[in-house]
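Chemist: based on what follows, work out the 3D shape:
(chains A, B and C)
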Amino acid sequence: MNPVNYLYLASLLFAIGATGVLIRRNAIVVFMCIELMLNACNLALVAFSRMHGNLDGQIIAFFTMVVAAAEVVVGLAIIVSLFRSRHSASVDDASLMKL
Amino acid sequence: MSFPLLTATAVVPAVGAIATAAVPAAKRTAAKWLALFFSLATLALAAVVAVRFNTGSGADRYQLTESHSWIADFGVRYELGVDGIGVALIGLTALLIPFIIVAGWHDADPQETGNTRWRPTQGFFALILMVEAMVILSFEATDVFLFYILFEAMLIPMYFLIGGFGDRAHSGSDQNAAAQRSYAAVKFLLYNLVGGLIMLAAVIGLYVVAGTFSLTEIAEMRASGELNMATNTERLLFLGFFFAFAVKAPLWPLHTWLPNAMGEATAPVAVLITAVVDKVGTFAMLRFCLGLFPGASEWATPVILVLALVSIVYGALLAVGQRDIKRLVAYASISHFGFIIMGIFAMTTQGQSGATLYMVNHGISTAALMLVAGFLISRRGSRLIADYGGVQKAAPILAGTFLIGSLATLSLPGLAPFVSEFLVLVGTFARYPVIGIIATFGIVLGALYSLVLYQRTMTGPVKVETAKMPDLKLRELLVVGPLIVLLVFLGVYPKPLTDVVDPAVGHTLSDVYGDENPDPEPEVAAK
Amino acid sequence: MENLIALLVAAPLLGAVILLCGGRRLDRTGHWLGTLLALGSFVVAALLFTDMLGRDGEDRAMHQHLFSWIPVGGFQADIAFQLDQLSMTFVLLITGVGSLIHIYSIGYMEHDERRRRFFGYLNLFLAAMLILVIADNYLLLYVGWEGVGLASYLLIGFWQHKPSAATAAKKAFLVNRVGDMGLSIAIMLMFTTFGTFAFGDVLAATGETSEGKLTAIGLMLLLAACGKSAQVPLQSWLGDAMEGPTPVSALIHAATMVTAGVYLITRSGAIFNAAPDAQLAVVIVGAVTLLFGAIVGCAKDDIKKALAGSTMSQIGYMVLAAGLGPIGYAFAIMHLVTHGFFKAGLFLGAGSVMHGMNDEVDMRKYGGLRKYMPVTFVTFGLGYLAIIGFPGLSGFWSKDKIIEAAFAYGDGVRPWIFGGVALLGAGITAFYMTRVMLMTFFGEKRWQPTPDPHKEPSAEPAADDAHAGEMPHPHESPKSMTIPMIVLAFGSVFAGGLFSLNESFVHWLEPVTAFEHPHPVISVPAITASTMVVLAIGVAIAWFMYGKRPVPVTAPRGSVLTRAARRDLLQDDFNHVVLVRGGEHLTRSLVYVDHTLVDGVVNGTAASFGGLSGRMRKLQNGFARSYAVSMLGGTAVLVAATLLMRAV
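Modeler: Take a look at the predicted model:
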């Protein structure tokens, strides 16, 4: 099978994820969309690895996974504490980080 | 491998800073003694450096060198070495810090007792030692990148020293004083950061052109003809470096941060700024501007000399017009820095030796004057000249030491600053007679502001507020006495210092002129 | 013997250090220590003098090299001394008169609680003055030069609690600094021209450079001399310097320090001899000052200021003589020495009078004192006769020679102008000195009760409250004060004659300064005769104005010239308007400029950045999703740009 198709799939997934981040307000959903984008990248990297015939892409994919896992830990903790303090998981409600 | 002496001179105060900061809040006095101990240990090490330094002819330019790889990918090395100029300035720094610590003994005592969480005393002395460590290391660094990092890093402790520990004597409300202090601290930081940023661009540019940060390697490449900078590149890089040093030195018109900083800081910190930290600027002009870009330095000389001349006259005139004792000393320092920069860029043996001596002597004389002024201000609680009068009647020793400090500031023959000022003038005059003559007016103006200050504060009818002013205490005498002895000694017998400095100046000038005699020949040949 | 030279300086220097650092425990003995060390220095000088007399004229110069002072490249300054006949003359004068004035001060300053410090300063002055005259190079001379300036500053301002004293001290130092500027430039010129500034090397090499250079050096040295010796246009400080205690006026502002300028010009004779234009300038300065000082001296009612005007005028004579070249150097120095005797004696006499009159200085409030203070009257009288040039006394021998030499200067109208000025000066000298003499010692008693110091501070505050409102009770001063006056009176009478015996003084100095006999345009007896006539006229006018008629206690308004002369011929007014006011305006406006313009540019830049960032921060709205949009947009733009670049 042509590896380029994987790239199309990865692009599609990335686009879905990006759209989700931009249009959804619920922090959990936004978070899931970010994961989707990361995994789209992973897919692309693995595909590149296959296309070029070396392992670099796969190694980076592993890094991405580790980072994604760490991000889930921190991010979910933030979302939970945010929900506890203001009883809402809307990202637009937490717009205090401005001058 | 031999003992890393130069590293030790910086590590000892750095360790001292950490140790002082770690002293528990309740043991303030212990922290002071600990800081004093470490500063004296540094002084001892500096003395060892001075003794080990070989001044004989044919000795290496940079001695006691150390070299280790640091960030290999960018060719950044931890490279240290001292020449005579460095030795003199390390000696000055190591010498002044103990006096600054003793003079500021009570400056950071918390006014409200029982506050156990906040440790201002520990912080104050730790910051001073931190500054010392970085300043000394910057005098030793022969790697441009290492120097740059230190040049910038020393701003951080200085910022906290200015902003966090202001002079308690101020005219307005506490809140107003705090606002002024933070204004001065931020101004200090911003001015120097802008200078540093431009220098960073030039540092990177230098790496792109030369491929290394090492002073010695660049000098070798230049000697072998391997390194050939385009004229414009050299000039741009020179300007980048010079701008940063001119801010720090400070040179007119980049000087306005100094009066604010010195006015708002406590007297010991003001001494730290002008006598120690600012010297890094003038030192770096000698080592980096002239060493790395000799051609561009010669090209820029006329403009720099004029700016230095403006600094001399302008600083002195503004000093005359000041109402605040500390700001007056600050403007006097600007005038003196004009002399130093003029001596450096006169590019003669006398000018540069004089400039180096000037750095040392200005440090000592300003310390003497400013610290006594600090003692005076702490007694009356005011920085305004008009609030004083007739002090000599109540406190003759204080007045006497203040007079000697003033006389040193006006370069009275017999005291150390005269030697350096005259050398700078002669060195400048030999090559640029007109500039030399105009600069000579500075000696009249110097007498004017010094004596006006003395007359208005110390003489005249005794004011009610000054009538009961206590004379200098033992601790204060211990600060001022040795400084005065040193001023007299270096005024009468500066030879130990010139012996150390002269060879280094020869090397610096040979960067610019090669093997030619850098000094204009006298009209009548000597017999 | 040569190793003793440093001892000359070391003794008083040691005294200064001990007395100034010693603290109050030396209050009771300090003045004795100071006097002893001054005398010790005099003994050393006498020893060296006898040793010097035992040698031939040409081998009399002695050298002592102590150590290398500032060695930097070609710039080699040494701490080294040179004692030749010229220096020896000064050393004897300085230590001799200096010791006498130390002794006098023991009595004069007896009631001053800061007497120890006074003696410390006096010793410091002696040390600096000796360095000045025995230095073997111009830079070391400069050290002494400024050192005496410092001592003078400290002593003029000795009564610092009086604002007038503090101001006068500052003024003296500042005006001197203007002169010092001349000396530094002269040294720099020497260094660039000759590569050295040691006396021997510079003076031997004057033939190897252009006259223009030498003229420049000479003019700069003249500027220095003007400052230190209170010559026009830098003379304004000397009158104010009388704020100091009277012994100081006698020692520093009459006998020694103010003559340093004459020393400098004489020492640099070789330079001036080769630069006639510079010499002419010296002569003009001397001539102008000798008239200026004499005119000022005529109008002052303050006894010390009248004497100060006289000092200025007499130094004008010396400078004039020094400008004449080899025909004048020896006479300049001779007049300097005799002047040292009689002027110091006059000042000490004035101090003695003030001591007896509750520190009153206004001569209009003296009168008839000769009966009450006989010793003072006789010694002051002898000094008076000496200064006006009464035949046979010191002043006659030295001043007459200067007038002769002035008549021998150059050709054309020059000898007539400068000789005439010197002659006229002698007449005015006779007038103002007779005036001082008559107003002080003769006529009616015009004594007034001492004013309350709180209302009107008197010049000499030693009086304090003790004498307020009392009538003065004039009395002869203690022995410690009269003995120095008597010794100086002997000098005023005999020194000139002794020096002129077989031209011994001229021959003594000849190896150093060279000497040529002057050939005046009119014969010497004619000059002497006309001097006598002028002198008699001066005395006679003074007698008619102040001897025959009673002297009013309050000064009459006087003519325009008198009023101008009372104000030092408006020099101070000029200085005040141009320099003081102008300077104040300049510094004020510069402070303003620094605050608004130089700082303003920076603050303005900061403010514009602040404004810009105020706009920019609106972009930071805090919505995470809008940040995400901008990130995505930015990435898209970057990718597009990359693709575009690759396509191109």
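Chemist: counting neighbours, what do you get for the closest residue to residue B:43 other than its chain neighbours?
Modeler: Nearest residue to residue B:43, sequence neighbours excluded (Cβ to Cβ, 6 or more residues apart in numbering or on different chains): residue B:94, at 4.4 Å. Where C-beta positions appear, they are placed from N, C-alpha and C, glycine not excepted. Using other Cβ atoms under 10 Å in any protein chain shown, residue B:94 has 27 other residues around it.
Chemist: next one: residue C:94
Modeler: 29.
Chemist: cool, the one 10 residues further on as well?
Modeler: The burial metric for residue C:104, expressed as a neighbour count using other Cβ under 10 Å, is 30.
Chemist: okay, it and residue C:249: tell me how far apart.
Modeler: Using Cβ to Cβ, to the nearest Å, residue C:104 is found at 12 Å from residue C:249.
Chemist: shared neighbours, those two?
Modeler: residue C:351 (Cβ atoms under 8 Å, 6 or more residues apart in numbering or on different chains).
Chemist: not counting residues beside it along the chain, what's closest to the residue of the stretch 151-300 of chain C found nearest chain B?
Modeler: Using Cβ to the nearest Cβ, residue C:195 is the residue of the stretch 151-300 of chain C that sits closest to chain B, at 3.2 Å. Once flanking residues are discounted, residue C:195 sits nearest to residue B:522: 3.2 Å by Cβ to Cβ, 6+ apart.
Chemist: what helix or strand is that neighbour located in?
Modeler: For residue B:522, there is no host helix or strand (DSSP states H and E).
Chemist: what sits against it?
Modeler: C:74, C:191-196.
Chemist: the residue of the stretch 301-450 of chain C found nearest chain B and residue C:112, how far apart?
Modeler: For the stretch 301-450 of chain C and chain B, the shortest gap (Cβ to the nearest Cβ) falls at residue C:359, measuring 18.7 Å. Per Cβ to Cβ, residue C:359 is found 12 Å from residue C:112.
Chemist: show the end-to-end separation of stretch C:249-268, please.
Modeler: 27 Å (Cα to Cα, to the nearest Å).
Chemist: ignore what I typed, I meant stretch C:153-160.
Modeler: Start-to-end, stretch C:153-160 (Cα to Cα) is 11 Å.
Chemist: what about the helices in the stretch 401-550 of chain C?
Modeler: C:414-441, C:479-500, C:504-513, C:524-542 (DSSP state H, counting those that start in this stretch).
Chemist: tilt between the third one and helix C:479-500?
Modeler: The reference is to helix C:504-513. With axes from the mean of the first three to the mean of the last three Cα atoms, to 10 degrees defining the directions, helix C:504-513 sits at 80 degrees from helix C:479-500.
Chemist: before we move on, back to that, where does the residue nearest to residue C:195 fall, phi/psi-wise?
Modeler: Phi and psi for residue B:522, reported as degrees, to the nearest 10, are phi -60, psi 150.
Chemist: over to residue C:77?
Modeler: Per degrees, to the nearest 10, the residue geometry at residue C:77, taken as phi and psi, is phi -110, psi 130.
Chemist: which parts of stretch A:5-14 are buried?
Modeler: Across stretch A:5-14, burial judged by 16 or more other Cβ atoms under 10 Å in any protein chain shown covers A:6-7, A:10, A:13-14.
Chemist: thinking residue C:313 is in contact with residue C:287, fair?
Modeler: No. Using Cβ atoms under 8 Å, residue C:313 is not in contact with residue C:287; the gap is 10.7 Å.
Chemist: select the longest helix from chain B.
Modeler: Counting residues, the longest helix in chain B under DSSP state H turns out to be helix B:174-210.
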